[in-house]
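S.K.: give me a model of this one.
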Amino acid sequence: TSVAPARPVAPAAPSGSLTLAQAEQLVKRWQRAKAAALSSQYDTGPMQKVLSGQMLAVWRDKALKSSVEGCYWQYNLKSLRMRAVRVDEYSGVFTATIDAVLDETGRFIFRDGRKGTSYSGPYEVRYTAQLMEDGQWRLVRGDIV
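M.R.: Numbers count the residues shown, from 1 in each chain. Predicted coordinates for the structure are as follows:
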């Protein structure tokens, strides 16, 4: 059975708020989901609870490609600093802009176990999240700025 994707709509409750602490938890959940999806386990399940729309499709495709090719990534989030969260409402849809600085390491591992490309260090990200009809915020876009 397939699960219908969550759709952005105005919530039943009038509050479309997203605090800095809630945004931080959302970004951390995304980082854990990314690490699981692109690991040697290729577990894309957690992404369904934190991503939606095109962002979900793109990262699912990356995980599928990695699993087919037998390669994977190892990620380690060293720190996360939240800069700002702004929530807007357009035509009944609540959208949040989340600015954060992530410090992580990533290492690409080939099928035969050889280590490939790696990176380490901080980078700034601007995420866009939408409040879905189930009352949960999901990331729909992420841009390195």
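S.K.: contacts and neighbour counts: CA atoms only from here.
M.R.: Fine.
S.K.: got any ranges where the protein has weak pLDDT?
M.R.: Applying pLDDT under 70 to the chain flags residues 1-15.
S.K.: output the longest strand belonging to it.
M.R.: Scanning the chain for the strand with the most residues, using DSSP state E, yields strand 72-90.
S.K.: list the contacts of it.
M.R.: Here strand 72-90 makes contact (Cα atoms under 8 Å, 6 or more residues apart in numbering) with 16-20, 23-24, 31, 35, 38-40, 66, 94-111.
S.K.: and after it, which helix or strand comes next?
M.R.: Scanning forward in sequence from strand 72-90 by DSSP states H and E, the next helix or strand is strand 93-109.
S.K.: list the buried residues of that following strand.
M.R.: Neighbour-count burial for strand 93-109 flags 93-104, 106-109 (criterion: 16 or more other Cα atoms under 10 Å).
S.K.: burial count for the residue nearest to Phe108 when sequence neighbours are not counted?
M.R.: The shortest distance from Phe108 to any non-neighbouring residue, by Cα to Cα, 6 or more residues apart in numbering, is to Trp73 (4.5 Å). Residue neighbour count, defined by other Cα atoms under 10 Å, stands at 24 for Trp73.
S.K.: cool, Asp134 as well?
M.R.: 12.
S.K.: where does the residue of the chain positioned farthest from its centre fall, phi/psi-wise?
M.R.: Residue farthest from the centre of the chain, counting by Cα atoms, centre = their mean, is Asp112 at 28.1 Å. Taking degrees, to the nearest 10, you get phi -80, psi 10 for the backbone angles of Asp112.
S.K.: and what of Met132?
M.R.: Dihedral angles of Met132 (phi, psi; degrees, to the nearest 10) stand at phi -90, psi 170.
S.K.: correct me if wrong: it contacts Leu139.
M.R.: No - counting by Cα atoms under 8 Å, Met132 sits too far from Leu139 to count as a contact (10.1 Å).
S.K.: so where do the helices sit in this protein?
M.R.: Secondary structure of the chain (DSSP state H): helices at 20-37, 53-69.
S.K.: turn the ones you listed into TSV, including distance to Gly121.
M.R.: Formatted as TSV, the helices of the chain follow (distance: least, Cα to Cα, whole Å):
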stretch	distance to Gly121
helix 20-37	15
helix 53-69	22
